[in-house]
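Enquirer: Build me a structure from this.
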Amino acid sequence: MNWIVPEPEELSCLRGDPLLWEQELDVRPGVAEALERAVGQRAGQVFWRSDHDHLYSLQLADLGAGRPSMARVFGWWDRWEPRPPEHQIDADLMAFLLWVAETADLGPVYVSQVAQRAGIPFGWPAGSVLRTPEERFAALPGFSYEPKFVEIEGLRMAYVEAGAGDPILMLHGEPAWGYLYRHMIPHLAAAGRAVVPDLIGFGRSDKPCACNAYTYRSHARWLRKLLVALGLERITLVCQGWGGLLGLRLVGQMPERFARVVAMNTGLPHGDGCAEAFRRWRSFSQRQDFLDVAKLVRNSLGRARLTDAEASAYQAPFPSREYQTGAIIFPRLVPTYKDDPGVYENRKTIERLRGLGLPVFLAWGEEDPITREGEAMLRALFRNASPTLWVPRAGHFVQEDAGEEIAVKIRDWMWSHP
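Expert: Here you go, the predicted model:
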């Protein structure tokens, strides 16, 4: 078990939820003494972070037996968010119990039998994850790439790729999917291996139905595991919108895997408010029974004009409202107030990014009111940023308004920053 010491600031953002409670631990002295040796103390609290990136603690108490007499396990959740999906908690507790069994020389079979008798489920509950039928993606204009898939925590995550060499990771925002980069992929594939994933809940990737499956942290965790699964290193990050909120956090969490950053119409909010245009968009999105994604993309453009077939491609991942949980939840996840979930992690990310010397290229659509302030914020954050490429008459989705133009600029910039 990898014990950690969380910072007081992080704990102040969380609430403790008791999950396991053993009040007669000293009935099995061997187990109690083994835990004391493993933890390094007879009474007190130790913390660890699970494979799902959730924080847990083990609290031991000595009630006079000269050994730990009581043990409690707490899960620490963001104060303003619901509990994570129950199957994740169950899996994390099983991992802990297996560690206890190994530490106390009980044998994993013992714990598995207990779990089986208790009826602890494994994996996503039946019917809780949707997958868009593949026929919805037939004959996509300008996007003939063969999809590939990686399983992340029991979810199928889709991506396409083109070219060879060091990876160029291209992350979309909301409510788009990898199709957004179709104008840029051919040019960037000349400079490396263009890898374009669909976030969980979008595109060809699986779509959990439960609202609490989608958090800022879970999206970042899924992407981290994708990078590990694909073995991506020396990455050039190309990100826009929510792709930047997630991608920049990845750079802060895994800086050794990144070589360059390209950010477009995005930011890294950390509780200091938001633009009025975003506030209006969030209010509008939360009143919708069904997002007309094609219309939303069209209304967010400046100079580009989508054909009906291209507009339909943006709607393709969402046959009905049930498939749109991730898209509708996203605006709620932007941390705009100081107590919002994600603020602590983004503040830590900003501290780490300030210390990095990565080459940075900023490209901004001038007509996007939602992310207008993001350019100045990122320019002040990165100490090795090239002059910003301002794109006139371009809106939020600059990949549509000026994708080829920007891709050529990025490609040339990459070659000048090997």
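Enquirer: Can you get me a residue count around F143?
Expert: The number of residues packed near F143 is 20, by other Cβ atoms under 10 Å. Using the backbone N, CA and C atoms, a C-beta is placed for each residue, glycine as well.
Enquirer: Kindly report the same for R279.
Expert: Around R279 there are 14 residues (other Cβ under 10 Å).
Enquirer: Next: Y323.
Expert: Residues lying near Y323 (other Cβ under 10 Å) number 19.
Enquirer: Who are the contact partners of it?
Expert: 130, 132, 207, 317 (Cβ atoms under 8 Å, 6 or more residues apart in numbering).
Enquirer: Quick one: residues in contact with the helix or strand where V46 lies.
Expert: Assigned by DSSP states H and E, V46 belongs to strand 44-49. Strand 44-49 is contacted by residues 1-6, 39-40, 55-60, 76 when judged by Cβ under 8 Å, 6+ apart.
Enquirer: follow-up on the earlier one: for the contacts of Y323, which single residue is the most surrounded?
Expert: Within these, most neighbours by other Cβ under 10 Å means P317, with 26 neighbours.
Enquirer: Return, as residue ranges, the portions of the stretch 151-300 of the chain with sub-threshold pLDDT.
Expert: Counting by pLDDT under 70, not a single residue of the stretch 151-300 of the chain qualifies.
Enquirer: That one: helices as residue ranges?
Expert: In the stretch 151-300 of the chain, the segments counted as helices under DSSP state H, counting those that start in this stretch are 185-188, 216-230, 242-253, 276-285, 293-299.
Enquirer: Pull out the CA atoms of the second one and give them to me as PDB.
Expert: Output of helix 216-230 as PDB, limited to C-alpha atoms (Å, rounded to 0.1, in the frame of the first residue of the first chain):
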ATOM      1  CA  TYR A 216     -13.400  16.600 -13.900                       C
ATOM      2  CA  ARG A 217     -11.200  14.100 -12.100                       C
ATOM      3  CA  SER A 218     -12.600  11.000 -13.900                       C
ATOM      4  CA  HIS A 219     -12.200  12.500 -17.300                       C
ATOM      5  CA  ALA A 220      -8.500  13.400 -16.500                       C
ATOM      6  CA  ARG A 221      -8.000   9.900 -15.100                       C
ATOM      7  CA  TRP A 222      -9.400   8.200 -18.200                       C
ATOM      8  CA  LEU A 223      -7.100  10.200 -20.400                       C
ATOM      9  CA  ARG A 224      -4.100   9.500 -18.200                       C
ATOM     10  CA  LYS A 225      -4.800   5.800 -18.500                       C
ATOM     11  CA  LEU A 226      -5.200   6.200 -22.300                       C
ATOM     12  CA  LEU A 227      -1.700   7.700 -22.500                       C
ATOM     13  CA  VAL A 228      -0.200   4.800 -20.500                       C
ATOM     14  CA  ALA A 229      -2.100   2.200 -22.500                       C
ATOM     15  CA  LEU A 230      -0.900   3.600 -25.800                       C
END
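Enquirer: going forward, begin numbering at 119 instead of 1
Expert: With the count now opening at 119, the last piece we talked about shows up as helix 334-348.
Enquirer: Show me which residues of that helix are buried.
Expert: Neighbour-count burial for helix 334-348, counted by 16 or more other Cβ atoms under 10 Å, picks out 334-345, 348.
Enquirer: tell me what that helix is packed against?
Expert: Under the contact criterion of 3 or more Cβ pairs under 8 Å, 6 or more residues apart in numbering; DSSP states H and E, helix 334-348 touches strand 266-270, strand 273-280, strand 285-289, strand 311-315, helix 360-371, helix 461-472.
Enquirer: what's the answer for the shortest one, then?
Expert: Here helix 303-306 is seen to pack against strand 273-280, strand 285-289, strand 311-315, helix 516-534 when contacts are counted using 3+ Cβ pairs under 8 Å, 6+ apart.
Enquirer: Quick check: nearest residue in space to E279, chain neighbours excluded?
Expert: Among residues not flanking E279 along the chain, V313 sits closest, at 4.9 Å (Cβ to Cβ, 6 or more residues apart in numbering).
Enquirer: so what's the one you found bridging to?
Expert: Beta-bridge pairing of V313 under DSSP bridges involves E279, L287.
Enquirer: dump the residue contacts of it.
Expert: By Cβ under 8 Å, 6+ apart, V313 lies in contact with 277-279, 285-288, 348, 350.
Enquirer: hmm, 6 Å instead?
Expert: When contacts are counted by Cβ atoms under 6 Å, 6 or more residues apart in numbering, V313 touches 277, 279, 285, 287.
Enquirer: Between the helices of the stretch 269-418 of the chain, which one is closest to D135.
Expert: Closest to D135 of the helices of the stretch 269-418 of the chain, according to Cβ to Cβ: helix 334-348, at 16.0 Å.
Enquirer: So which of the helices and strands packed on helix 334-348 is the most surrounded?
Expert: Most buried of these by mean neighbour count (mean count of other Cβ atoms under 10 Å) is strand 285-289; its value is a mean of 27.
Enquirer: The stretch 119-268 of the chain: strands as residue ranges?
Expert: With DSSP state E, counting those that start in this stretch, the ranges of strands along the stretch 119-268 of the chain come out as 132-140, 162-167, 173-179, 188-196, 247-248, 266-270.
Enquirer: Let me have these in CSV, adding distance to V380 as columns.
Expert: Listed next are those as CSV, based on distance: least, Cβ to Cβ, whole Å:
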stretch, distance to V380
strand 132-140, 34
strand 162-167, 30
strand 173-179, 32
strand 188-196, 30
strand 247-248, 32
strand 266-270, 23
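Enquirer: Nearest to R501 among these would be which one?
Expert: Counting by Cβ to Cβ, R501 lies closest to strand 162-167 out of the strands of the stretch 119-268 of the chain; the figure is 30.0 Å.
Enquirer: Pull out the buried residues from that closest one.
Expert: Buried, per 16+ other Cβ under 10 Å, within strand 162-167: 164-166.
Enquirer: so can I have TSV of the helices of the stretch 269-418 of the chain showing distance to R497?
Expert: As requested, the helices of the stretch 269-418 of the chain are exported to TSV (distance: least, Cβ to Cβ, whole Å):
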stretch	distance to R497
helix 303-306	23
helix 334-348	23
helix 360-371	13
helix 394-403	19
helix 411-417	27
